[in-house]
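Novice: what follows is a protein structure lacking sequence information:
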């Protein structure tokens with residue numbers, strides 16, 4: 001047995017993948033949990049040659065660069081950009097002379113900050129009184145498996161807002177007496193999609209302080 005043959009056999013033993021030819025496959029990769037009306041990029045790879053052809057079609061969305069749902073059949077593309085519509089699911093199909101590939105996506109709604117219950121939207125309290133609980137619905141959307149973080153905020157003019165320290169529950173329970181009219185809202189951050197939203201606003205209308213009665217001798 002020649003030394004060259006022994007060398008080839010040793011290389012084949014150490015690297016099994018070299019024993020048989022490896023044929024490339026057509027693949028498409030990109031985000032599978034998406035938010036409607038957001039542009040996402042999908043990368044397409046395959047064992048292309050000068051004669052290769054490809055067409056890409058979208059179901060549940062449209063191609064961001066053409067506003068259509070299918071590309072013309074032609075030379076392979078390295079990537080496409082897609083804007084997904086609202087709905088439960090969508091897909092991106094690649095059909096080519098070298099094979100086909102499909103990626104399915106789940107469509108999540110845009111992050112919603114929640115809605116304050118009507119009964120809690122406006123409450124009028126006496127000066128130095130404590131407001132009732134302000135209930136707000138759970139947030140929705142943001143990601144397919146969202147992770148919400150709540151933070152209640154206050155404002156006196158609905159322009160400048162500041163966090164209420166420690167008030168990070170779904171509903172707001174104020175335990176301190178209030179001495180001025182204020183507005184409150186809930187901020188939500190979805191850690192999965194890294195997006196933020198706000199609830200609508202509740203008003204706590206505080207009455208004027210009791211008049212001071214002076215006595216004279």
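Specialist: Cool, the structure landed. What you see is a predicted model, and the numbers here were worked out from it, not measured in a lab.
Novice: now for the protein, the helix or strand with the poorest mean pLDDT.
Specialist: helix 3-14 (a mean of 40; mean pLDDT, DSSP states H and E).
Novice: in its sheet, what does the helix or strand following that helix sit against?
Specialist: Of the helices and strands lying after helix 3-14 in sequence (DSSP states H and E), the nearest is strand 27-29. Within its sheet, strand 27-29 is paired with strand 39-45 (antiparallel), according to DSSP bridges.
Novice: the helix or strand following the strand it pairs with: how far from the chain's middle?
Specialist: Where DSSP H and E defines the elements, the next helix or strand beyond strand 39-45 is strand 54-59. Relative to its parent chain, strand 54-59 has a centroid offset of 24 Å by CA atoms, centre = their mean, to the nearest Å.
Novice: tell me which other helices or strands strand 54-59 touches.
Specialist: With contacts taken as 3 or more CB pairs under 8 Å, 6 or more residues apart in numbering; DSSP states H and E, strand 54-59 sits against strand 89-96. To be clear about C-beta, it is placed using only N, CA and C from the backbone, and glycine gets the same treatment.
Novice: and the strand it packs on, which strands flank it?
Specialist: Strand 89-96 is paired, per DSSP bridges, with strand 54-59 (antiparallel), strand 99-107 (antiparallel).
Novice: of those, flag the one that's most buried.
Specialist: For those, the largest average neighbour count (mean count of other CB atoms under 10 Å) is found in strand 54-59, namely a mean of 19.
Novice: who's in contact with residue 126?
Specialist: 206, 207 (CB atoms under 8 Å, 6 or more residues apart in numbering).
Novice: try 6 Å
Specialist: With CB atoms under 6 Å, 6 or more residues apart in numbering as the criterion, the residues that contact residue 126 are residue 207.
Novice: residue 127 and residue 204 touch, don't they?
Specialist: No. In this structure, residue 127 is not within contact of residue 204 by CB atoms under 6 Å, at 11.8 Å.
Novice: which one of these two is surrounded by more residues?
Specialist: More crowded of residue 127 and residue 204, by other CB atoms under 10 Å: residue 204, with 22 against 13.
Novice: quick check: the gap between that one and residue 164.
Specialist: Going from residue 204 to residue 164 by CB to CB, to the nearest Å gives 12 Å.
Novice: number of residues surrounding residue 168?
Specialist: 14.
Novice: should've said residue 199
Specialist: Neighbours around residue 199, by other CB under 10 Å: 23.
Novice: that one against residue 114, yeah?
Specialist: Yes. Applying CB under 6 Å, one finds residue 199 in contact with residue 114, separated by 4.4 Å.
Novice: which neighbours do those two share?
Specialist: Common neighbours of residue 199 and residue 114 (CB under 6 Å, 6+ apart) are residue 136.
Novice: pLDDT weak spots in this structure?
Specialist: 1-23, 214-217 (pLDDT under 70).
Novice: measure residue 62 to residue 80 for me?
Specialist: Taking CB to CB, one finds residue 62 at 11 Å from residue 80.
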